[in-house]
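1. need a 3D model of the following:
(2 chains)
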Amino acid sequence: MVKYIFKRLGQTVIVLFFVSVIAFLLIRLAGGNPALLLAGDGATDAEIAEIERSLGLDQPLVVQYFKYIGNILRGDLGRSTSYGMPVANLILSRFPNTLKLASVTVLFGCILAIPLGIIAGSHQGTVIDFFATLFALLGQSMANMWKAVVFIYIFSVWLGWLPSIGMEGGIKSYVLPVMTLGWQMSAQVTRISRSGMIDTLHEDFITATYAKGIHPLVVRWKYAFKNAVCPVITLVGMRFGTMLAGTIIVEAIFSWPGLGQLLNTAVNQRDYALVQALLLLSGAMFAIINFAVDIINSLVDPRIKLR
Amino acid sequence: MKKLFVFMLAVLMAVTMMTGCGKENDPKEPAKEVLNIGLNSNIVGLDPLNGSSNGARAYAYAVFEPLIEYDHEGTNSKYTPCLATEWSVADDNMTWTFKLREGIKFHNGEPFTSADVVATYTRLLNEKSLNVRSSYWTYLDSVEAVDDYTVKIKTTQPFATTLISVAMTPIMPDEAMAEFGEDFWNAQKLYGTGPWKFVEWVDGAYLHLVKNDDYWNKSAYNPAVKDLYFRFLTEVSTAITSHISGDLDAYIVNGGISRDLQSMYKGHDEIELITTETQNWIYLGYHCAGDSAFADYYARAAVDYALNRQLICDTIFSGDAKLSNGVVLPSLDGYDPTIPAYEYNPEKAKELLAKSNYDGHEITIYTSTSLAKGKDQILEISQELNAVGFNTKAEAIESAKLTEIRKAGNYEVFLMNDNLMGADLSKYLSMKVLTDAHKHEYDNPEMMELVDKILTELDIPKRNEMLGQFVRMMRETSAPHTVLYYLVQTEAINKGVVGIEMWKDTMFSVKYIDYDPAKAK
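-> As a prediction, the model looks like this:
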C-alpha cells in the first residue's frame, strides 16, 4: 500500500509539472498582448515597451517560465495585471466560495443519485427504473443555463421562496445553484451506478450468493454495490474536480463569486499570472482528487493496486 | 457502512456551518430602503481614476465627486458647480482657475481643500495609463494650488472640452493617497466626499454603498434609500428572470437589453423599459496604406454604396439602431442636416469598385467577439460586399487579439463601436484620427489640420461649423472610418426608482438615486 501511494504521488508531481508548462504556454499562444491591454489604445510604443519590461515579458520564454516556477515554489503567485493586486489574495477570496458550492453539490448529488441508481439497477424495467432513467436523461440533456432559468422562474418568480442571486441569503442561496449544478452530476452518477448494478447483478458470484440463500437486500447492498461502486467514485471525483475549477456559467447566473468568473475575466484581460495560477490550481485539484479516488478505490477493491 | 454514514453526517454539519455564516442583514427587504441595481459586466478594480467600465465609473462618481458636474451632452452640456463653486479660463485659453467650495468634509472627517485637487491631478500627470488620464487628459500640463481654496489647472494647448475632462475627474483625498497608496482601493479603504459611502466590494458578486448622512449638499439631495447594491449578473436572460422575481430594482446592460430579450418583461408592469438614443456608433475602420485594398479611395467609396445599412438596423437590431449622415449624430452638437444621407446603391458600388486597384484578393472583416451582434453584422456586411464584387470573409476574434492586430496595423478592415465618452468627438478625434491609435495610416494633412483646429477651438459655434466640415470631408474621402449606424439602448428600471441617469454616451449615474413610492403605482 505504501509503495502504491508513493508511486501515485510521484505520478502526481509529474502531472503537475506538465500542467505548469501547459498553463504557461496556453495563454501565451492565445495571442493578445497584456501590456497593450494595460496601456490602452492611446499609448505610445515606448509606453507599451516600458510595461512589457516591468512585467518581464521582454525576456525569453524559458527565462520567464523558470522565474514563474521559482516564484511559485517560493509561494509567490505573482500579481494580477487586471485587478492590480496579488493573485494569492484574489484566489483566497474566491476559492472558499467555489469549494462550498462544489462540496454541497457533490454531497447532495451523491445522497440522491447513488441510491436512485442502485434501486433502478436492481429493479430494472420497473416504474422506479423508468423515472430514474428519465431523471438522468433530462439532467444530462438540458443545458445548465436553461435549467437555471426554469428554476428561477419556478422558485423565485412564481413561488417567491428562494433568492435568485448572491450568496448572502445563507442556506437558501445554495438551493438553486446546487440544483442546477447537481442535477447534471447526479444524472451521470445515477446512470453509472444503475448500469454498474445491472452488470454486477448478472455476474456468477451474485447467482452463487442468491443460491446460498442470502437475503436479496444484503446481496444488492453489500455484495453487488461494493463491486459496482468503483466507477461511481471515479466519476464523482472527476465531477468534483471540474466543479472546483469553477463553474463559469452557474457562477455568472447566480452572481456567485467563485473561481470560474475569475478565470473568465483573467483570460479576457490576458492576465498571465492569474490565468497560470488558476490553471495550475485546477490541475492540482484534479491531481489531488484523482489521487484520493485511486486510494479509496484500492481500499474498496484491493485488486486495483495489483494492476 | 456505519463509518460512511457518520462521515457524511460530519460533512453535512460542516457544510451547514460554512453556509450559516452568511450575512445577517438580507439586502432584499421589501421596504425600499435598499435598492439592488443589476449590471451585466463585472468591475475589476476600485481605483476611481482607472474605472474602465460604466459600472466602475458609476460607483466612482457616487462615492467621489468632481469639481463640476455636467449632463453628458457634449459641448452643449450644462455645467453645474460641485466641489468647485466657480471657474474661469484665462485669455490664453489654457489656464483654468477653480474656486473650491469651503466646509466640505470627506467621509472620514478630513476637510476638502486644494491639496486634494492637486494630489488627484498630480496622479493623472504621473500615471499615463490611468483611464481618466488617457481618455480625457491628453493635454494636461500642470496643476497648482493658489491658496487653500483656489486651484489652477493648465493644459498644454487650448483644449475645447477641458470642462468635460474636469467633470470626469473624481477628486480623491490627498492624505489617503499618501498614507495608503494603492491600498486605498486594493484594500478597500475608500472614502470620498459624495452622497454615498463605500462599504465593500465582493468581486464577482456585489458592491455595497450606504447613504452618507453628513453629505454637504443634503438640502438638495437627501434620499430615503439607505443601502445601494450593484449586483454583477453577466448572463442577461437569467438576470432578467431575477429582475422580474423582484431580486433587482433595475438591470443595466452594457449596450442595452436586446429586442428579443425585452419581451421577457412583458406582463411586468412594475418595471419600465427606458430607451435612450445613444451616441454609441458602429463603424468600419480601414487600413489606408500599403497593400490594403482600402488604401484606394474607390474601394472605400464602393463599400459606402454597397451596404444596406437600413436592412441591418431593421433585421439584426430589430429597429434598435438608427442611421446618421456621418460621424456627428443627429442628437449631437455640430450635426449638419444638410449633409446627404448614405445611399444604398449596389450598381454604383460596382462601378466604383471597377475603378479601383482592388485585385480580388481575400479581405478579412474583423470584429470583436465582445461587440454585441458583431458577428451577425460582419456576416451580413461580408455578403453585401461580395455581392458587388469584393471577396471578403467575416471573422470575429477576441478583443485582446483585435487590439493587438490593430496596434500593428495588421488588418484591412474591422467593425467596432465608439461610444463618444462625454458625448463629444474630442476623444475620438484625438485618439482615433489625429494620433491614429488604431494605425489606419490615413495620409490626409488637410484633415489632420482641421481636426487639430476642432480640438483647440473653444468658441462653440465656430467649432460646430468645423465639425460639419469634418463630416463632409470624411464622407468625401470615406476615410479613415465609415459610420454605419448608432444604437438605441434599452434598460429596465422599476417604477418608483428615480434618479438613475442614462446618458447619451452610454454611461449612467446612480449618484442621485432614490425611491419614490408615489411613482411606483
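
2. quick one: contacts for the residue of the stretch 1-150 of chain A found nearest chain B?
-> Using Cβ to the nearest Cβ, the closest approach of the stretch 1-150 of chain A to chain B is made by A:G32 at 2.9 Å. Heads up, the C-betas are built off the backbone N, CA and C, glycines and all. Going by Cβ atoms under 8 Å, 6 or more residues apart in numbering or on different chains, A:G32 touches A:270, B:398, B:400-401, B:403-404.

3. now swap in B:Y59 and tell me
-> Counted by Cβ under 8 Å, 6+ apart, B:Y59 has contacts B:43, B:46, B:51, B:198, B:207, B:209, B:230.

4. can you count the residues close to the closest residue to the fourth one other than its chain neighbours?
-> Spelled out, it's B:F198. Distance criterion Cβ to Cβ, 6 or more residues apart in numbering or on different chains; nearest residue to B:F198, sequence neighbours excluded, is B:L190 at 4.2 Å. Neighbour count of B:L190, defined by other Cβ atoms under 10 Å in any protein chain shown: 24.

5. element containing B:L190, please.
-> Taking DSSP states H and E as the definition, one finds B:L190 inside no helix or strand.

6. any idea how far it lies from B:L67?
-> B:L190 is 19 Å from B:L67, where distance means Cβ to Cβ, to the nearest Å.

7. got it, and A:M197?
-> Per Cβ to Cβ, A:M197 is found 74 Å from B:L67.

8. separation between the residue of chain B found nearest chain A and B:E384?
-> In chain B, the residue that lies nearest chain A is B:A400 (2.9 Å; Cβ to the nearest Cβ). Separation of B:A400 from B:E384 (Cβ to Cβ): 28 Å.

9. ditto for A:M197
-> From A:M197 across to B:E384, the span is 60 Å (Cβ to Cβ).

10. who has more neighbours, those two?
-> Neighbours were counted for A:M197 and for B:E384 using other Cβ under 10 Å; A:M197 has more, 25 against 21.

11. name the helix or strand for that one, please.
-> helix A:171-201.

12. quick one on the thing from earlier: doesn't the residue of the stretch 1-150 of chain A closest to chain B lie inside a strand?
-> No - applying DSSP: H, G, I helix; E, B strand; the rest coil, one finds A:G32 to be coil, outside a strand.

13. contacting residues for B:D148?
-> B:100, B:113-115.

14. okay if I get these as a markdown table plus pLDDT and distance to chain A?
-> Putting these into a markdown table (pLDDT from 0 to 100; distance: Cβ to the nearest Cβ, whole Å) gives the following:
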| residue | pLDDT | distance to chain A |
| --- | --- | --- |
| B:L100 | 95 | 30 |
| B:T113 | 95 | 28 |
| B:S114 | 95 | 28 |
| B:A115 | 95 | 25 |
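
15. tabulate those residues in TSV, adding columns for secondary structure.
-> Below are the contacts of B:D148 laid out as TSV (three-state DSSP):
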residue	secondary structure
B:L100	strand
B:T113	coil
B:S114	helix
B:A115	helix
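
16. picking that back up, now rank the contacts of A:G32 by neighbours and give me the top one.
-> Neighbour-wise, the contacts of A:G32 (other Cβ under 10 Å) top out at A:R270, 27 neighbours.

17. report the contact partners of that one.
-> Contacts of A:R270 by Cβ under 8 Å, 6+ apart are A:27, A:30, A:32-34, A:37, A:81, B:400.

18. repeat that with 10 Å
-> With Cβ atoms under 10 Å, 6 or more residues apart in numbering or on different chains as the criterion, the residues that contact A:R270 are A:27-28, A:30-38, A:81-82, B:398-401, B:403-404.

19. which residue packs closest to it, ignoring adjacent ones?
-> Closest residue to A:R270 apart from its sequence neighbours, by Cβ to Cβ, 6+ apart: A:P34 at 4.2 Å.

20. the one you found reaches A:G78, doesn't it?
-> No - using Cβ atoms under 10 Å, A:P34 is not in contact with A:G78, being 12.0 Å away.

21. would you mind listing what in the stretch 101-250 of chain B touches chain A?
-> B:128-131, B:133-135, B:138, B:182-183, B:185-187, B:202-206, B:208, B:229, B:231-235, B:237-248 (Cβ under 10 Å from any Cβ of the partner chain).

22. now, those residues that are in strands?
-> If you go by DSSP state E, those have B:202, B:206, B:208, B:229, B:231-232 in strands.

23. verify the stated contact: B:I460 with B:D333.
-> Yes - judged on Cβ under 10 Å, B:I460 makes contact with B:D333 at a distance of 7.2 Å.

24. joint contacts of the two?
-> B:74-76.

25. take these and lay them out in CSV including distance to chain A.
-> Putting those into CSV (distance: Cβ to the nearest Cβ, whole Å) gives the following:
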residue, distance to chain A
B:G74, 20
B:T75, 21
B:N76, 25
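
26. can you select the buried ones from those in ChimeraX?
-> A single ChimeraX command is used to select the members of the shared contacts of B:I460 and B:D333 judged buried by 16 or more other Cβ atoms under 10 Å in any protein chain shown:
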select /B:74,75
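
27. and the closest residue to B:G496 other than its chain neighbours, what pLDDT?
-> Closest residue to B:G496 apart from its sequence neighbours, by Cβ to Cβ, 6+ apart: B:A520 at 3.0 Å. Note on B:A520: pLDDT of 81.

28. check contacts around B:A520.
-> Contacts of B:A520 by Cβ under 10 Å, 6+ apart are B:32, B:270, B:494-498.

29. how close does B:D516 sit to B:G194?
-> To B:G194, B:D516 is 21 Å away according to Cβ to Cβ.

30. an error on my part: the question was meant for B:L420.
-> For B:L420 relative to B:G194 (Cβ to Cβ), the value is 25 Å.

31. same question, B:H107
-> 8 Å.

32. what do you get for A:D199?
-> Taking Cβ to Cβ, one finds A:D199 at 67 Å from B:G194.

33. name the residue in the two with the higher neighbour count.
-> Neighbour count, other Cβ under 10 Å: between A:D199 and B:G194, B:G194 has more, with 27 against 14.

34. so that one sits in a strand?
-> No - the assignment for B:G194, made by three-state DSSP, is coil rather than a strand.

35. which ones are touching it?
-> Listed by Cβ under 10 Å, 6+ apart, the contact set of B:G194 reads B:59-66, B:82-83, B:106-107, B:170-171, B:209, B:212, B:215-217, B:511.
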